[in-house]
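*Asks:* using only what follows, build the 3D model:
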Amino acid sequence: MLEVRDLCAWHGAAQALFGVSLRVAVGELVVLQGLNGAGKSTLLQAAMGLVPRVAGTISYQNESIIDLPPFRRAQRGLGYVPEDRCLFTALTVKENLRIAARTDVKKRSAAAEIARQEDLVLTLFPALKPMLRRNAAQMSGGEQQMLSIARTLMTQPALMLLDEPCEGIAPVLVESIRDALLALKAQGLSMLVAEQNGILAERADRVITLVAQQPCNAIAPGL
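*Replies:* Numbering: from 1, shown residues only. Okay, here's the model as predicted:
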């Protein structure tokens, strides 16, 4: 489904990835581990098109997407949950969900389809149900993380990229997020998850450890 080969990436003049290769097959949960600074977040951002300078190959469903902007990748079925959540904090939970909703049906049935999607994500994250009218700014970190994942699910992704979804939140909410992600895996959703605490690694199809390597020979575009 997703294949990365010999990927190098730069933040400005600083190289963050050095010839990384991995793949995520249909229905797989792949966990990405590594020390802080190893490039886990950069790898997910590069797959989503959020790193301006990259070299190598990024293929999704057997087609190169390396030249596509992020919104085109999202339209093709990639969903991204960033570490900092990037919620619309002035909007309510319901508004955050609905602003991300994706539907291909005719306008007269679009509302019903969006409501159906909303019901599905609220079934996964029932703790959000009593908060639908609450502003995202008034939620705890764990609640915001649930909302960030739920909002991405409203785009109906085929593959989700999640950056540290269980980092720095209350243990009871970590368990809820873990259970929701495992339920999504059971439904066939593919996931590439960067995480350090091991709560998903024990249930993953594969665990990949990202380590520092020698710089690749590719020249950073624009340098």
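*Asks:* report the mean per-residue pLDDT for stretch 36-54.
*Replies:* Mean pLDDT, stretch 36-54: 94.
*Asks:* which parts of it are buried?
*Replies:* Neighbour-count burial for stretch 36-54 flags 38-49, 51, 53-54 (criterion: 16 or more other C-beta atoms under 10 Å). For the C-beta atoms, the positions are set from N, CA and C on the backbone; glycine is no exception.
*Asks:* could you do stretch 136-151 as well?
*Replies:* Buried-residue list, stretch 136-151, by 16+ other C-beta under 10 Å: 136, 139, 142, 143, 144, 145, 146, 147, 148, 149, 150, 151.
*Asks:* let me know the closest of those residues to residue 99.
*Replies:* Nearest to residue 99 out of the buried residues of stretch 136-151 is residue 151 (C-beta to C-beta; 7.9 Å).
*Asks:* that closest one: helix or strand, and which one exactly?
*Replies:* helix 141-153 (DSSP states H and E).
*Asks:* likewise residue 31?
*Replies:* Assigned by DSSP H and E, residue 31 falls in strand 29-33.
*Asks:* chain center to that strand: distance?
*Replies:* 12 Å (C-alpha atoms, centre = their mean, to the nearest Å).
*Asks:* avg pLDDT for the lengthiest helix in the chain?
*Replies:* For the chain, the helix with the greatest residue count under DSSP state H is helix 107-124. Mean pLDDT, computed over helix 107-124, is 86.
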